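Peer 1: What follows is a predicted structure for the sequence shown.
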Amino acid sequence: MICPKCGHAQPHAEECARCGLIFSKIYLDDDDHLETGVGRSSITYYNLVQERKQWVLLAVLLIILTGLLYGIISTREIKHPPGILVPSEPKQVIIPNPEPWRHGNRLLVPLAHFSLEARVLSTERYRFDNFADLSPIDVALGWGPMSDQRILDHLEIGQGSRCYVVFPNDGKPPLPMAALLASSSNMHMLPSNDDVKDRLLSLRRGNIVELKGYLVGIQEDGRWTWVSSASRTDTGNGACEIVWVVALKVR
């Protein structure tokens, strides 16, 4: 006989030699008994329950694996043929008399009209820093040589702590570092609506984006707390653009 609790096979007995289950205490089927007094239908029901649990566990594992596979596929880098994909630099027009608008307890001041076409080099999600509610993602973007797959294949690119780093992966940069940095930038993205936010959060390395909006500065309690760079050639602290994104196309 097979113990319905632990599955141990043994000669007929009053209790299981492995787990100590007393068979007579199991719900009995009056019309169908084993010699031990255990109802066959009870054991069958128990086995069906165990089998169902196994199938449920298998289904959960398949769902988890499918989610992980989708995550890997949906976030992997998009490769392009060699050549410059975006020849033009970002465009900006300074706003002489800006009209600020309020966003919660912050005042957003538009410093310049801003538009660009660029290749996504990297993205970094932020949830917990002081500006995460306003700027949930940074996007490192490249144009000119930094949109060329031949150049990017020789570089490692990363982000963290609202910064952007680039360095050669084989010891020698394919172009002078000054040229590489002048053709790329880390941008703190401030989505103007939920649709723009969803598009920003779904960006992948290798996407080509077209963006329109404003370079902005942020005031809190009458003082500046975050101000966009207005140059593509500066480096170091404060060199990132802070972009209020009004429109975003992705391909």
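Peer 2: Structure received.
Peer 1: Now for the residue nearest to His103 when sequence neighbours are not counted: which residues touch it?
Peer 2: Of all residues beyond its chain neighbours, the one nearest His103 is Leu134 (6.6 Å), with distances taken as C-beta to C-beta, 6 or more residues apart in numbering. From N, CA and C alone the C-beta is placed, and that goes for glycine too. Shown here is Leu134, whose contacts under the criterion C-beta atoms under 8 Å, 6 or more residues apart in numbering are His103, Gly104, Arg106, Leu190, Ile218.
Peer 1: where do the strands sit along this structure?
Peer 2: In the chain, strands defined by DSSP state E lie at 91-94, 101-103, 106-125, 137-142, 155-160, 163-168, 184-191, 208-220, 223-227, 241-250, listed in chain order.
Peer 1: Tabulate the contacts of Leu134 (CSV), appending distance to Leu155.
Peer 2: Formatted as CSV, the contacts of Leu134 follow (distance: C-beta to C-beta, whole Å):
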residue, distance to Leu155
His103, 35
Gly104, 38
Arg106, 35
Leu190, 27
Ile218, 31
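Peer 1: For the residues you listed, could you give me CSV that also reports distance to Ile22 and neighbour count?
Peer 2: Supplementary listing: the contacts of Leu134 in CSV, determined by distance: C-beta to C-beta, whole Å; neighbours: other C-beta atoms under 10 Å:
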residue, distance to Ile22, neighbour count
His103, 69, 15
Gly104, 66, 9
Arg106, 70, 18
Leu190, 68, 25
Ile218, 72, 23
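Peer 1: Just the closest of those to Val93, please.
Peer 2: Each of the contacts of Leu134 was checked against Val93 using C-beta to C-beta; the closest is Leu190, at 18.5 Å.
Peer 1: Endpoint to endpoint, stretch 155-170 covers what distance?
Peer 2: End-to-end distance for stretch 155-170: 8 Å, by C-alpha to C-alpha, to the nearest Å.
Peer 1: now swap in stretch 186-203 and tell me
Peer 2: OK, stretch 186-203 end separation, C-alpha to C-alpha: 14 Å.
Peer 1: got it, and stretch 171-186?
Peer 2: 23 Å.
Peer 1: same question, stretch 76-91
Peer 2: Its start and end residues considered, stretch 76-91 measures 29 Å (C-alpha to C-alpha).
Peer 1: ok, back up a step: can you pick out the most distant pair from the contacts of Leu134?
Peer 2: Of all pairs drawn from the contacts of Leu134, the widest gap by C-beta to C-beta lies between Gly104 and Leu190 and measures 12.0 Å.
Peer 1: Gly7 and Arg18: what is the separation?
Peer 2: Summarising the geometry, the distance separating Gly7 from Arg18, computed by C-beta to C-beta, to the nearest Å, is 9 Å.
Peer 1: let me fix that: Asn169
Peer 2: Using C-beta to C-beta, Asn169 is found at 58 Å from Arg18.
Peer 1: and what of Leu248?
Peer 2: Looking at Leu248 against Arg18, where the rule is C-beta to C-beta, the gap reads 64 Å.
Peer 1: Adding distance to Gly83 and mean pLDDT, write the strands of the chain out as CSV.
Peer 2: Rendered in CSV, the data for these read as follows (distance: least, C-beta to C-beta, whole Å; pLDDT from 0 to 100):
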stretch, distance to Gly83, mean pLDDT
strand 91-94, 22, 98
strand 101-103, 40, 95
strand 106-125, 12, 98
strand 137-142, 13, 98
strand 155-160, 16, 96
strand 163-168, 20, 95
strand 184-191, 17, 98
strand 208-220, 13, 98
strand 223-227, 36, 97
strand 241-250, 20, 98
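Peer 1: Right, I'll call it a day here.
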